[in-house]
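# here you go, sequence then predicted model.
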Amino acid sequence: MKIQFIVFLLLSVSQALFGQGYSGNWDVRFTANKLRLNFVLHIKERVDGQYSVTLDVPFQKAFNLPATEVQSDDKSMIVLFKAFALRITLFPDDAKHLKGTWNQGGANIPFDAKKISEVTETKRPTRTQTPVPPFPYNSEDIEYDNLDKTIHFGATFSYPNDSDKRRRYPTVLLITGSGGQDRDETMFEHKPFAVLADYLTRNGFAVLRVDDREVGKTTGSLLSSTTEDFKNDAVASLEYLKKREEVDTMQLGLLGHSEGGLIAAMIASERKDIAYVVLLASPVVDPIDLIQAQTTSKLVSQGVSEEKALEFQPFMKKMVMLLTATPDTVGAYKKVESAFIEWQSQVSKSTVKSTTRINDEKSMQRYIRQQVIAWNLPWNKYYMSLHPGNYYKHMSTKVLALYGEKDIQVDPVANVQLLEKLTSAQASKSFEVKVIPKLNHLFQECKKCSFSEYADLDETISPQVLMIIVTWIQKILPAIRCCTPLNPNTNY
């Protein structure tokens, strides 16, 4: 389950921006939650007189991030990032300055942007595993619709370059985790699904990877969608695959990462035409337990003591349960406020401040308001109502479940224990679970194993994981037992 960082965004502006003087590079700085944040906006005038704008976020190793919607007039510009519930408003000041506000999660943060002649060169991260053409296989960028044509999908379909045009291939549908992801599941310039698709295709598989709603070529609303909607999107992709002449429909499988693993389990618990499922860091415990574990791990990784992080858990659990169970936001606010005041009286001021950053009435109001907005989103409300274990225990297909030992987003111990308990009756025949040492939630070999390290590591996905996946599928699909998987460490 990937974290939606505050800066994961980009715009490709399709409307005219104020005036000629606004082309250039703009240095943006502001403070949020006592963190000093710095971004760079690049504004360029296009040949048609309109503008394109891109955003660099150097501290997250994110550059040239791409756009959704822009509304502008002579006085202001409003830029919407629907996938991240973010709105940026820009106001012209003078030829060398812009003023703006950053609105997200209930926070409305003012900032100043200063025009700069040059951008200090930031060392771009190396991503040596990202595949680059030409490829020794077929790769097609495709588009298709769901059954009722309410969603239009953009995707990439890759399959072996075989001289036998009549051959059908075992096929894998890749399913991304939570948040708006493109077909490559791009994060911090890592492209894990591109790496997976490349390795699988080189080893004889056909692979489909798809943009999420409101990302890339796929339409629909991300913010108004739930896990059930994303499951239906994956089912639409399965139906598309079954019409492709390159696909062996008897050897059709799913590979899901994080929430994508849960979605794969939901589908496999309902359908009998799924030959195998690969789960990567798939959440099995109930969402409230997962959120508690995630919050504790995140606080500790940020320097909060484990004791204080554990003291925060009772309030956090009560708050989330109140917010997802109370339909109106005014009532939810009042209930959370009462719960906070009660919890605040039971713990030290340092615990309150270090876990919530609340130190006065104003910061308390801001914190609760942000939580009310976030937990009122349809995805959060629906997800908290799920009991994932019900799906895993009803899967009748062959399953490989992999977890990283150092995962601080989906705790490998709690999730593996529950998964093995739920599937104990079928484990000897068709269910295999592995915890891989030294790997994080993205299956990178980590050192600090913190959230912030995802961007710092060159490795996109451990070669060991690639080899395990292909070897396992080849073992359970007799038709492709012929070959030894390629060495994923090899530069092809």
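Looks like it arrived, so ask away. Residues are numbered from 1 along each chain as shown.
# now what about stretch 162-170, what contacts it?
Stretch 162-170 is contacted from outside by 159-160, 204-206, 245-249, 251-253, 275, 473, 477, 479-480, using Cβ atoms under 8 Å, 6 or more residues apart in numbering. C-beta coordinates here come from the backbone N, C-alpha and C atoms, glycine included.
# run the last query once more with 6 Å
With Cβ atoms under 6 Å, 6 or more residues apart in numbering as the test, stretch 162-170 has contacts from 159, 205-206, 246, 248, 251, 477, 480.
# mind listing what's buried in that stretch?
Within stretch 162-170, the residues scored as buried using 16 or more other Cβ atoms under 10 Å are 168-170.
# so how far is stretch 136-148 off the chain centroid?
21 Å (Cα atoms, centre = their mean, to the nearest Å).
# what residue ranges in the stretch 51-200 of the chain score low on pLDDT?
51, 59-62, 65-67, 72-74, 82-85, 105-106, 118-124, 163-164 (pLDDT under 70).
# go again with 80.
The stretch 51-200 of the chain contains residues with pLDDT under 80 at 51-88, 90, 93, 95, 102-108, 117-126, 163-166.
# just the strands in it please.
Ranges of strands in the stretch 51-200 of the chain, per DSSP state E, counting those that start in this stretch, are 51-57, 62-65, 69-72, 77-81, 86-94, 97-104, 107-116, 137-145, 152-160, 169-175.
# export those strands to a markdown table and tack on distance to residue 378?
Formatted as a markdown table, the strands of the stretch 51-200 of the chain follow (distance: least, Cβ to Cβ, whole Å):
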| stretch | distance to residue 378 |
| --- | --- |
| strand 51-57 | 27 |
| strand 62-65 | 25 |
| strand 69-72 | 20 |
| strand 77-81 | 18 |
| strand 86-94 | 17 |
| strand 97-104 | 17 |
| strand 107-116 | 21 |
| strand 137-145 | 22 |
| strand 152-160 | 20 |
| strand 169-175 | 19 |
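# in helices only, show me the contacts of stretch 162-170.
Of the contacts of stretch 162-170, none are assigned to helices by DSSP state H.
# just name the lowest-scoring one in the residues you listed, pLDDT-wise.
In terms of pLDDT, the lowest of these is residue 480, showing 55.
# quick one: the helices in this protein?
192-202, 227-241, 259-270, 287-301, 306-325, 329-344, 349-356, 361-375, 378-384, 389-392, 412-422, 427-430, 453-456, 463-476.
# worst average pLDDT in those helices?
helix 427-430 (a mean of 63).
# burial of residue 133, as a residue count?
5 (other Cβ atoms under 10 Å).
# what pairs with the residue lying closest to it once chain neighbours are set aside across the strands?
Leaving aside its sequence neighbours, residue 133 sits nearest to residue 139 (Cβ to Cβ, 6 or more residues apart in numbering; 7.7 Å). Judged by DSSP bridges, the bridge partners of residue 139 are residue 158.
# sorry, back to before: among the contacts of stretch 162-170, which are in strands?
Per DSSP state E, strands hold the following members of those: 159, 206, 248, 251.
# leaving out the residues flanking it, which one is nearest to the first one?
Okay, so that is residue 159. Closest residue to residue 159 apart from its sequence neighbours, by Cβ to Cβ, 6+ apart: residue 206 at 3.8 Å.
# run a quick neighbour tally on the one you found.
Neighbours of residue 206 using other Cβ under 10 Å come to 26.
# gap between it and residue 476?
17 Å (Cβ to Cβ, to the nearest Å).
# same deal with residue 441?
Counting by Cβ to Cβ, the gap from residue 441 to residue 476 is 26 Å.
# with residue 103 instead?
49 Å.
# per-residue pLDDT, the spatially closest residue to residue 446 that is not a sequence neighbour?
Of all residues beyond its chain neighbours, the one nearest residue 446 is residue 440 (4.3 Å), with distances taken as Cβ to Cβ, 6+ apart. pLDDT recorded at residue 440 is 96.
# ok, now which ones touch residue 440?
404, 406-407, 446, 449.
# now it: phi and psi?
Backbone geometry at residue 440, expressed as degrees, to the nearest 10, gives phi -90, psi -160.
# can I get the buried residues of stretch 162-170 in TSV with distance to residue 234?
Formatted as TSV, the buried residues of stretch 162-170 follow (distance: Cβ to Cβ, whole Å):
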residue	distance to residue 234
168	21
169	19
170	18
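# neighbours of residue 219, just the number please.
Other residues close to residue 219 by other Cβ under 10 Å number 14.
# you'd agree it is up against residue 153?
No: counting by Cβ atoms under 6 Å, residue 219 does not reach residue 153; the two are 8.1 Å apart.
# scan the ones in strands among the contacts of stretch 162-170 and report the most crowded one.
residue 206 (26 neighbours).
# tell me the spacing between residue 199 and residue 147.
Residue 199 is 31 Å from residue 147, by Cβ to Cβ.
# the residue lying closest to residue 236 once chain neighbours are set aside - how many residues pack around it?
Closest residue to residue 236 apart from its sequence neighbours, by Cβ to Cβ, 6+ apart: residue 146 at 3.8 Å. Using other Cβ under 10 Å, residue 146 has 17 neighbouring residues.
# cool, and residue 26?
Residues near residue 26, counting by other Cβ under 10 Å: 24.
# how about the contacts made by it?
41, 113, 115.
# from these, pick the one nearest residue 388.
Nearest to residue 388 among the contacts of residue 26, counting by Cβ to Cβ, is residue 41 at 40.3 Å.
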